[in-house]
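>>> Predicted model, plus sequence, below.
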Amino acid sequence: MALSRTEKERIVKEYGERLARAQVLIWSRYQRVKFPEFQSLRANLRNADAEAVVVTNTLFGRALKEAGLPVTDEFANGPNMVTFVYGDIASASKAMMDFTRDKADRVQVIGGVVGGQVIDTAGVQALTELPSREVLLARVVGGIQAPISGLVGTLGAMLRGLVNVLDAHRKQLEGAG
């Protein structure tokens, strides 16, 4: 059954809303994947604040163009599933790569888009090695805290030195009087 123009516009708009929220897109080509398998993937992705959507290539291509993102012929052929990553990039890409590992004959990650740039399968694999969001936040806090701790230590040493000088001067005055 053909989609009406209104339905197509609604679908393109939904794709556009997802594209606006997503930090990373991961393309997968699939065949003969059972519904329960998709459900388990979607549950794993939900934990990483991501979602996998089976897309209509033509309508998704239109949404990509409207969003100013690259459209490649490689991604526009065959039955495609796009994973929209809104949260933890490493966890979501790891969930996708794990899903394809035992289904390599039926599901293949074919690439993605990061920061408006097309990446290949190796690029998606590299995303799995990123530190988690919590680790990155801890590193940022540590990086901010280190200079402040150094400043506090320096100021404390200067005050201790001043107190020592004043104490030595007091002792000198007491000894003279």
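Structure's in. What do you need?
>>> Tell me the buried residues in stretch 115-133?
By 16 or more other CB atoms under 10 Å, the buried positions in stretch 115-133 come out as 118-119, 121, 123-124, 127-128. No exception for glycine: its C-beta is placed from N, CA and C like everyone else's.
>>> my read is Val54 is in a helix, agree?
No. Read with DSSP: H, G, I helix; E, B strand; the rest coil, Val54 is strand and lies in no helix.
>>> And the pLDDT for it?
Each residue has a pLDDT score; the one for Val54 is 89.
>>> My understanding was that it contacts Pro79; is that so?
Yes. Look at Val54 against Pro79 with CB atoms under 8 Å: they come within range, at 7.1 Å.
>>> ok, how many other residues are close to Ile89?
22 (other CB atoms under 10 Å).
>>> which one among the buried residues of stretch 115-133 gets closest to Phe60?
Val118 (14.4 Å; CB to CB).
>>> Tell me the first helix or strand C-terminal of the one helix or strand the closest one maps to.
Using DSSP states H and E, Val118 sits in strand 117-119. Next in sequence after strand 117-119, counting helices and strands by DSSP H and E, comes helix 121-127.
>>> quick one on the thing from earlier: so can I have CSV of the buried residues of stretch 115-133 showing distance to Asp105 and pLDDT?
As requested, the buried residues of stretch 115-133 are exported to CSV (distance: CB to CB, whole Å; pLDDT from 0 to 100):
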residue, distance to Asp105, pLDDT
Val118, 25, 87
Ile119, 23, 87
Thr121, 15, 84
Gly123, 22, 85
Val124, 19, 85
Leu127, 23, 82
Thr128, 21, 79
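>>> what's the distance between the closest residue to Gln31 other than its chain neighbours and Phe75?
With CB to CB, 6 or more residues apart in numbering as the criterion, Gln31 has its nearest non-adjacent residue at 5.5 Å, and that residue is Arg106. Using CB to CB, to the nearest Å, we find Arg106 at a distance of 18 Å from Phe75.
>>> now swap in Ala52 and tell me
In terms of CB to CB, Ala52 sits 15 Å off from Phe75.
>>> Now do the helices in this protein.
5-21, 35-47, 57-67, 89-101, 121-127, 133-176 (DSSP state H).
>>> Helix 89-101 and the longest one, what's the angle between them?
Between helix 133-176 and helix 89-101, the angle formed by their directions is 150 degrees, by axes from the mean of the first three to the mean of the last three CA atoms, to 10 degrees.
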